[in-house]
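Q: 3D model of this:
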Amino acid sequence: MSWRYYAINEELNLVYVKADGVLTRDEMVGFEAAFIADQRARPGFKALFDASLVRVADFDSNLPVIMLAMERKHPERFVGCKRALLFTEEMGWSNAKHFASAADGNLIVLFSVDVALVWLGVTMDDLPRLEE
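A: Numbering: from 1, shown residues only. The predicted structure follows:
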């Protein structure tokens with residue numbers, strides 16, 4: 001399963017997600033539903049979604065549409081949020097860019113974790129510890 005790593009620094013309202021291996025449409029939709037339901041991330045959260053270690057992205061161009069529809073049913077969850085998505089060119093970059101261009105709020109797609117951290121205004125030390 002690709003979603004082995006997910007944690008929230010509740011004090012900083014900072015979400016850290018790391019995916020690896022095979023990333024499927026069902027996993028993305030399942031994760032999005034679970035995240036929307038997770039009340040630990042409050043409005044205005046910052047999030048780093050790191051999919052730079054994903055080897056296979058098994059989803060189509062409809063996935064951003066599905067995920068955006070899910071988010072728009074709960075706009076209060078995403079008020080003031082700031083999200084950075086890390087993808088490689090081969091593994092979902094175009095779908096991530098499509099999602100970012102249509103998403104509400106601040107969302108950027110990058111290759112570099114260092115740039116993502118600066119953009120989010122956090123450091124590696126701020127990220128919640130991931131359990132493997």
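Q: chain center to stretch 67-81: distance?
A: Centroid displacement of stretch 67-81 relative to its chain, using C-alpha atoms, centre = their mean, to the nearest Å, is 13 Å.
Q: Pull out the CA atoms of that stretch and give them to me as CSV.
A: Taking Å, rounded to 0.1, in the frame of the first residue of the first chain, the C-alpha atoms of stretch 67-81 are listed here in CSV:
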residue,chain,number,x,y,z
MET,A,67,-10.9,14.8,-5.8
LEU,A,68,-11.9,18.4,-6.5
ALA,A,69,-15.6,17.4,-6.3
MET,A,70,-14.9,15.7,-2.9
GLU,A,71,-13.2,18.8,-1.6
ARG,A,72,-15.9,21.2,-2.9
LYS,A,73,-18.5,19.3,-0.8
HIS,A,74,-16.5,20.4,2.3
PRO,A,75,-15.2,23.9,1.5
GLU,A,76,-14.9,24.8,5.1
ARG,A,77,-12.1,22.2,5.5
PHE,A,78,-9.9,24.0,2.9
VAL,A,79,-10.3,27.6,3.9
GLY,A,80,-6.9,29.3,4.0
CYS,A,81,-5.0,26.1,3.5
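Q: Just the buried positions in it, please.
A: 67, 68, 71, 77, 78, 81 (16 or more other C-beta atoms under 10 Å). In short, each C-beta sits where N, CA and C put it, glycine included.
Q: Can you mark which positions in the longest helix along the chain are buried?
A: In the chain, assigned by DSSP state H, the helix with the most residues is helix 25-37. For helix 25-37, a neighbour-count test (16+ other C-beta under 10 Å) marks 27, 28, 31, 32, 35, 36 as buried.
Q: which one of the residues you listed is nearest residue 5?
A: When the buried residues of helix 25-37 are compared for distance to residue 5 (C-beta to C-beta), residue 31 wins out at 11.2 Å.
Q: Now tell me what touches stretch 115-122 from outside.
A: 12, 14, 46, 47, 48, 82, 84, 86, 108, 110, 123, 124 (C-beta atoms under 8 Å, 6 or more residues apart in numbering).
Q: at 7 Å instead, please
A: 14, 46, 48, 82, 84, 86, 108, 110, 123, 124 (C-beta atoms under 7 Å, 6 or more residues apart in numbering).
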